[in-house]
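A.B. asks: build me a structure from this.
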Amino acid sequence: FARSFAKNHICDQRLFFELAASAETQIHNFTPRHVANMAWAFVKVDRSDSKLFESLAKAAIANIGNFNSQELVNTAWAFTKVGRSDKELFDTLAKAATAGIGKFNSQDLANIVWAFAKVGRSDEELFDSVAKAAAADIWSFNSQDLAKTAWAFAKVGRSDKELFDSVANAATAKISTFNSQGLAN
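C.D. replies: You can find the predicted model right below:
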């Protein structure tokens, strides 16, 4: 329900207040998809209910083994967008993402390191596994994925030579597809 309203950019304050309260009482029934969708919806309507996000973090940690790559990335993205960098949640997300890195597509790889970098977290194992996976599959990255990945690694002070060489080669071939922000970052 929350996702449907958010997808249509409809933020009825009273409705979202009630959605948050109801979700908190039912959080034990939330699947990984429910966690990711609820967090995404609240971000999209510019609501960062702290009690709800605390409950969502606990639910994510408790069910992390059942998250797929998109759910991991969307959860990290949502928590980043509301400025929440809960250590236990991000440590748990990092471990799960590292373990499942082979199932991540180029957008997932770019977005997971972007989320971590945006909140100032540079989990070594996660960034190492993303660097290897990205370098191996760099030609599937679009200009936005390339820019986000390079930005994230630079933001946390990681200069993986193989990754940056791969990004440079792919970016050179795709330079005409970069927008001004991608070019500048």
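
A.B. asks: give me the helices and strands touching the helix or strand that contains Thr75, please.
C.D. replies: Using DSSP states H and E, Thr75 sits within helix 69-81. Helices and strands touching helix 69-81, by 3 or more Cβ pairs under 8 Å, 6 or more residues apart in numbering; DSSP states H and E, are helix 32-44, helix 50-62, helix 87-99, helix 106-118. In this view, the C-beta of every residue, glycine as well, is placed from N, C-alpha and C.

A.B. asks: centre of the chain to it, how far?
C.D. replies: Averaging C-alpha positions (Cα atoms, centre = their mean, to the nearest Å) puts helix 69-81 3 Å from its chain's average.

A.B. asks: do the same with stretch 136-155
C.D. replies: 14 Å.

A.B. asks: so where's the chain shaky on pLDDT?
C.D. replies: The chain contains no residues with pLDDT under 70.

A.B. asks: again, only using 90
C.D. replies: For the chain, the stretches with pLDDT under 90 are 1-15, 17-18, 47-49, 159, 177-185.

A.B. asks: the residue of it most remote from its centre and Phe5: what is the separation?
C.D. replies: What lies farthest from the middle of the chain is Arg14; by Cα atoms, centre = their mean that is 27.8 Å. According to Cβ to Cβ, to the nearest Å, Arg14 and Phe5 sit 12 Å apart.

A.B. asks: next, the buried residues of stretch 115-124.
C.D. replies: Applying a neighbour-count criterion of 16 or more other Cβ atoms under 10 Å, the buried positions in stretch 115-124 are 115-118, 121-123.

A.B. asks: will you turn these into CSV that also has distance to Lys174?
C.D. replies: Converted to CSV, the buried residues of stretch 115-124 look like this (distance: Cβ to Cβ, whole Å):
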residue, distance to Lys174
Ala115, 23
Phe116, 24
Ala117, 22
Lys118, 23
Arg121, 28
Ser122, 26
Asp123, 28
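
A.B. asks: widest-spaced pair of the residues you listed?
C.D. replies: Using Cβ to Cβ, the two most remote members of the buried residues of stretch 115-124 are Lys118 and Asp123, lying 13.2 Å apart.

A.B. asks: still on that earlier bit, tell me which of the helices and strands packed on helix 69-81 sits nearest to Val73.
C.D. replies: helix 106-118 (4.8 Å).

A.B. asks: that closest one: how far from the chain's middle?
C.D. replies: For helix 106-118, the distance to the chain centre is 6 Å (Cα atoms, centre = their mean).

A.B. asks: hmm, who's touching it?
C.D. replies: If you take Cβ atoms under 8 Å, 6 or more residues apart in numbering as the criterion, helix 106-118 is touched by 69-70, 72-73, 76-77, 79-80, 90, 93-94, 97, 101, 104, 122-123, 126-127, 130, 133-134, 137, 140-142, 144-146, 148-149, 151-153, 155-156.

A.B. asks: CA atoms only: put it into PDB for me.
C.D. replies: Extracted in PDB, the C-alpha atoms of helix 106-118 (Å, rounded to 0.1, in the frame of the first residue of the first chain):
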ATOM      1  CA  SER A 106      26.100  -3.600 -12.500                       C
ATOM      2  CA  GLN A 107      23.400  -1.300 -11.100                       C
ATOM      3  CA  ASP A 108      23.400  -3.200  -7.800                       C
ATOM      4  CA  LEU A 109      27.200  -3.100  -7.600                       C
ATOM      5  CA  ALA A 110      27.200   0.700  -8.200                       C
ATOM      6  CA  ASN A 111      24.400   1.400  -5.900                       C
ATOM      7  CA  ILE A 112      25.600  -0.700  -2.900                       C
ATOM      8  CA  VAL A 113      29.000   1.100  -2.900                       C
ATOM      9  CA  TRP A 114      27.300   4.500  -3.500                       C
ATOM     10  CA  ALA A 115      25.100   3.900  -0.400                       C
ATOM     11  CA  PHE A 116      28.000   2.900   1.800                       C
ATOM     12  CA  ALA A 117      30.200   5.800   0.600                       C
ATOM     13  CA  LYS A 118      27.400   8.300   1.000                       C
END
